[in-house]
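Q: Next come a sequence and a model predicted from it.
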Amino acid sequence: MKAAVYEGPRTVTVKDVPDAKIEHPCDIIVKITTTNICGSDLHMYEGRTSFESGRTLGHENMGQVVEVGSAVRKVQVGDYVVLPFNIACGFCKQCEQGLTNYCLTMQPEPALAGAAYGFADMGPYQGGQAELLRVPYGDFNALRLGEDAVERQTDYVMLADIFPTGYHATEMAHVKPGDQTIVFGAGPVGLMATYSALLKGAGRVWTADHQPDRLRKAEEIGAIPINTSEQNPAEVVKEATLGLGADNGCECVGYQAHDPQDHHEDASLTLNGLIDSVRFTGDIGVVGVFLPEDPGGAEAQGELEAQGKVPIDFGMMWFKGQRMGTGQAPVKKYNRALRDLIAGGKAKPSFVVSHELSLDEAPTAYEHFDARDEGWTKVVLHPNGHGNGHKR
Ligand SMILES: [Zn+2]
Ligand SMILES: [Zn+2]
């Protein structure tokens, strides 16, 4: 089968690899119809992680079941399914509590938790930017889709990661109807956090970024855009709230946040921006990726950052009595409800998609997405056809 394989820093090649196959009676094999390139794929693409050369990327996957293991009971051949990027067992201490983002048994390293397809430090699993994907514990992990699966595939595939992840940011920030919410980052996840806050009935949502094309998308769905190369988000928000700040905020950028003026990386930029922008006792949800170590960061940022240490304004955060929630999203906690919002015509997360391409075009797509080229907000790949090859 064909797959998009990582072959070293900024090198992805589409090549033949062995077919995905059933390795355990609970596995299913999914023929991938729809798979996304994610901002977090870029951390691996840029060679700043321990991701192994020769491994297939891709953790945002959807497709049709073509084979089921002998112990699979619910999922059937022919079903269209979307797969949470978290691979979870369903029976460990964490999964029992719904914390499938930190499953203990799918992660082979005893001191770690959490597993994902095609992701550094999250187990040995291959990614889905390929014709076929092996899905462990298919009955638990696959979310089945209805008859509109193909028609709405660019909406449903967002249930693998970015829609639940954006939603999770708003959950950790406790966004409620009427709230005034600030979102740092208008990449795909920031746009999904913005969208989720609006779906929850937030009164006003500001979205801060320095990319005009991304800000336009935020504005299209009803947010107030803040261009960080022209304005300081905290000042804008305070100005609009009697100096108090937003009720809550979401971090959707991560450790590679960079200064819009001189482009140097500063992992503390968005966190300190949020501590400043959010009012006393407000909540902050951080879903942007931060890592325990970032050897590549020494050059970009400094020795402290290379050790995963981020200098944040903790004194101010404590003084304001703010709370911060962190970490990857437990996708299964939200994906069923968000699926039904899509099925009911109440949510259409495909508004983030800028390109639908074939798998063969993955290397070019990585280049453009990594360069943050104008107009490349979200790339959807179709490994088994259906790509129209054009910009939407
Ligand atoms: Zn992702
Ligand atoms: Zn588990």
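A: Sure thing, it's come through. This one's a predicted model, so the numbers in the text were calculated from it and none came from an experiment. Numbers count the residues shown, from 1 in each chain. Ligands and ions are numbered 1, 2, ... in the order given.
Q: Next, see if stretch 243-253 gets close to ligand 1.
A: No - contact of stretch 243-253 with ligand 1 (Cβ under 5 Å from the ion) is absent, the minimum separation being 11.7 Å. For glycine as for every other residue, the C-beta is placed from the backbone atoms N, C-alpha and C.
Q: Distance from the chain centre to that stretch, please.
A: Averaging C-alpha positions (Cα atoms, centre = their mean, to the nearest Å) puts stretch 243-253 19 Å from its chain's average.
Q: List the buried residues of that stretch.
A: 245-253 (16 or more other Cβ atoms under 10 Å).
Q: which residues touch that stretch?
A: 166, 169-170, 172-175, 179-185, 187, 189-190, 193, 197, 206, 234, 237-238, 269-271, 274, 276-280, 282-288 (Cβ atoms under 8 Å, 6 or more residues apart in numbering).
Q: Can I take it that residue 381 is in a strand?
A: Yes - membership of residue 381 in a strand is supported by DSSP: H, G, I helix; E, B strand; the rest coil.
Q: got a list of what it touches?
A: 4, 34-37, 129, 356-359, 361-362, 365, 387.
Q: Could you rerun that using 7 Å?
A: 35, 37, 129, 357-359, 362 (Cβ atoms under 7 Å, 6 or more residues apart in numbering).
Q: Need the per-residue pLDDT for it.
A: Reported pLDDT at residue 381 in the predicted model: 97.
Q: beta partners for it?
A: Beta bridges link residue 381 to residue 35, residue 357, judged by DSSP bridges.
Q: Pick out the most distant pair among the contacts of residue 381.
A: By the measure Cβ to Cβ, 37 and 358 form the most distant pair in the contacts of residue 381, at 12.9 Å.
Q: The two: which has the busier surroundings?
A: residue 37 (28 against 18; other Cβ atoms under 10 Å).
Q: Any idea how many residues pack against the nearest residue to that one once chain neighbours are set aside?
A: Among residues not flanking residue 37 along the chain, residue 379 sits closest, at 4.5 Å (Cβ to Cβ, 6 or more residues apart in numbering). Residues contacting residue 379 under the criterion other Cβ under 10 Å number 23.
Q: how close does residue 379 get to residue 283?
A: 32 Å (Cβ to Cβ, to the nearest Å).
Q: cool, residue 89 as well?
A: Residue 89 is 30 Å from residue 283, by Cβ to Cβ.
Q: List the ones among the contacts of stretch 243-253 that fall in strands.
A: 180-184, 206, 278-280, 282-286 (DSSP state E).
Q: Give me the buried subset of those.
A: 180-184, 206, 278-279, 282-286.
Q: May I ask which two of those residues are separated the most?
A: Once Cβ to Cβ is applied, those give 180 and 286 as the farthest pair, at 18.7 Å.
Q: Mind putting the ones in strands among the contacts of stretch 243-253 into TSV with pLDDT and distance to residue 50?
A: Listed next are the ones in strands among the contacts of stretch 243-253 as TSV, based on pLDDT from 0 to 100; distance: Cβ to Cβ, whole Å:
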residue	pLDDT	distance to residue 50
180	98	40
181	98	35
182	98	33
183	98	30
184	98	27
206	98	36
278	98	34
279	98	39
280	98	40
282	98	36
283	98	32
284	98	29
285	98	27
286	98	22
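Q: Show me which residues of this protein sit near ligand 2.
A: Near ligand 2, when you scan the chain using Cβ under 5 Å from the ion, you find 88-89, 92, 95, 103.
Q: Number of residues surrounding residue 336?
A: By the measure other Cβ under 10 Å, the count of residues near residue 336 is 12.
Q: er, residue 281 actually
A: Residue 281: 11 surrounding residues under other Cβ under 10 Å.
Q: ok, so what distance separates the closest residue in space to it that isn't next to it in sequence from ligand 1?
A: Counting by Cβ to Cβ, 6+ apart, residue 281 lies nearest to residue 321, which is 4.6 Å off, once chain neighbours are set aside. For residue 321, the distance to ligand 1 equals 32 Å [Cβ to the ion, to the nearest Å].
Q: next one: phi and psi at residue 321?
A: phi 60, psi 30 (degrees, to the nearest 10).
Q: Could you see whether ligand 1 lies near the helix or strand harbouring residue 32?
A: Per DSSP states H and E: residue 32 is located in strand 28-37. No - using Cβ under 5 Å from the ion, we find that strand 28-37 stays clear of ligand 1, coming within 6.9 Å at best.
Q: now that strand: mean pLDDT?
A: Here strand 28-37 scores 98 as its mean pLDDT.
Q: Sort out which residues of that strand are buried, please.
A: Buried-residue list, strand 28-37, by 16+ other Cβ under 10 Å: 28-37.
Q: again with stretch 259-273
A: 265-273.
Q: which one of these sits closest to ligand 1?
A: residue 270 (17.9 Å; Cβ to the ion).
Q: dump the residue contacts of that closest one.
A: 184-185, 251, 253, 257, 288.
Q: Could you count how many residues lie near residue 11?
A: Residue 11 has 13 nearby residues by other Cβ under 10 Å.
Q: Noted, bye for now.
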